[in-house]
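K.L.:
Let me see the structure of the following:
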Amino acid sequence: MPTAHSLYEVFLTVARLASFTAAARALGYTQSAVSRQIQSLEDEWGTPLFDRLPRGVRLTEAGHVLLPHAEALGERLRTARAELDALRSLDRGRLRVGAFSTADAALLPRALAAFRARYPAVTVTRAEGSSGRHLALLAAGDLDLAVVGTASGNPLDDVTLHHLLDERMYVALPLGHRFAGRDCLRLAELAEEEWIAASTRPEETLMSTALASGFRPRMGFVAADWIAKQGFVAAGLGITLVPALATSSARPDITLIALHPEDAPRRRVYAATPPGISPSHAVTAFLDRLREEAARLAP
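P.N.:
Residues are numbered from 1 along each chain as shown. Here you go, the predicted model:
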């Protein structure tokens with residue numbers, strides 16, 4: 001199948017070679033196909049562009065007028081093709097990403113490092129905030145991809161989801177806590193503990209799934225940031241949940257104990273992209289890096 005050429009590129013080739021036959025050979029077309037395309041262009045402009053001679057062709061006066069415009073258009077098309085080729089090969093382009101805080105601890109930076117090492121010419125920008133904020137940015141067209149999570153099982157609407165991993169939760173305890181040497185804990189054992197969480201309402205936190213089992217934690221200090229939560233725990237002010245993605249950056253003055261599988265809330269982590277929009281080559285390549293790093297980090 002010959003490469004597709006615009007009518008103006010065919011026109012320029014015929015003008016340069018002064019022959020339908022030679023132009024067809026250069027473009028990989030048949031002579032009749034070139035003739036039909038020139039005829040289409042002449043029909044579009046309403047005037048002959050070439051005089052058909054016994055040997056070859058010659059530009060008419062109208063053809064001479066059109067020639068510089070076709071040359072300018074041809075240069076623009078060549079530039080456009082080069083830029084599109086660069087996008088496909090990721091020799092240029094942009095990637096706008098965001099992630100919730102614990103995904104920022106390891107998953108996102110590792111994926112970005114692998115992506116940048118392979119595609120250094122792509123401009124990457126990053127947004128901070130909650131999953132809800134990133135979903136709003138996606139909807140507004142201000143992000144290309146967001147790493148989001150849900151522990152409640154509620155569906156994430158109006159986005160295309162790419163599952164990355166299911167994230168376990170750990171209990172963060174002060175080093176001197178009576179349970180600090182345990183391998184696993186049940187929630188019932190923690191009924192008298194005071195919890196550090198992002199809200200005094202457990203249904204609005206990672207503890208929401210624990211409510212279904214009849215466990216209602218005693219909420220103490222409120223701290224939204226997981227690093228701040230660890231600071232409160234280290235000071236002996238309570239205990240908190242630490243998602244698996246954040247365990248690689250846990251403080252040395254706390255200890256992390258896995259919750260029993262029957263009690264532990266799990267957060268499903270996704271890469272979200274806008275629905276109904278073809279992902280760019282940069283987004284597709286970054287999704288591959290996210291999946292690779294998620295596979296390494298998955299418990």
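K.L.:
quick one: low-confidence parts of the stretch 51-200 of the chain?
P.N.:
86-87, 89, 151-155 (pLDDT under 70).
K.L.:
since we're on E75, how many residues are nearby?
P.N.:
As a burial measure, E75 scores 10 neighbours (other CB atoms under 10 Å). For every residue, glycine as well, the C-beta is placed using N, CA and C.
K.L.:
Assumed it was part of a helix.
P.N.:
Yes: read with DSSP: H, G, I helix; E, B strand; the rest coil, E75 is one of the residues of a helix.
K.L.:
any idea how far it is from I38?
P.N.:
In this view, E75 and I38 are 20 Å apart by CB to CB, to the nearest Å.
K.L.:
got it, and M169?
P.N.:
Look at M169 and I38: by CB to CB, they are 70 Å apart.
K.L.:
where do the strands sit along the stretch 151-299 of the chain?
P.N.:
For the stretch 151-299 of the chain, the strands defined by DSSP state E, counting those that start in this stretch occupy 160-167, 169-174, 184-185, 194-197, 218-222, 240-243, 254-259, 267-273.
K.L.:
That should have said the stretch 1-150 of the chain, apologies.
P.N.:
Along the stretch 1-150 of the chain, counting by DSSP E, counting those that start in this stretch, strands occupy 50-52, 57-59, 94-99, 123-127, 145-150.
K.L.:
what pairs with the first one, and is each one parallel or antiparallel?
P.N.:
Applying DSSP bridges, strand 50-52 is found paired with strand 57-59 (antiparallel).
K.L.:
I'd like the distance between A250 and S131.
P.N.:
According to CB to CB, A250 stands 22 Å off from S131.
K.L.:
hmm, back to that, most neighbours per residue, which of the strands of the stretch 1-150 of the chain?
P.N.:
The highest average neighbour count among the strands of the stretch 1-150 of the chain, using mean count of other CB atoms under 10 Å, belongs to strand 145-150 at a mean of 24.
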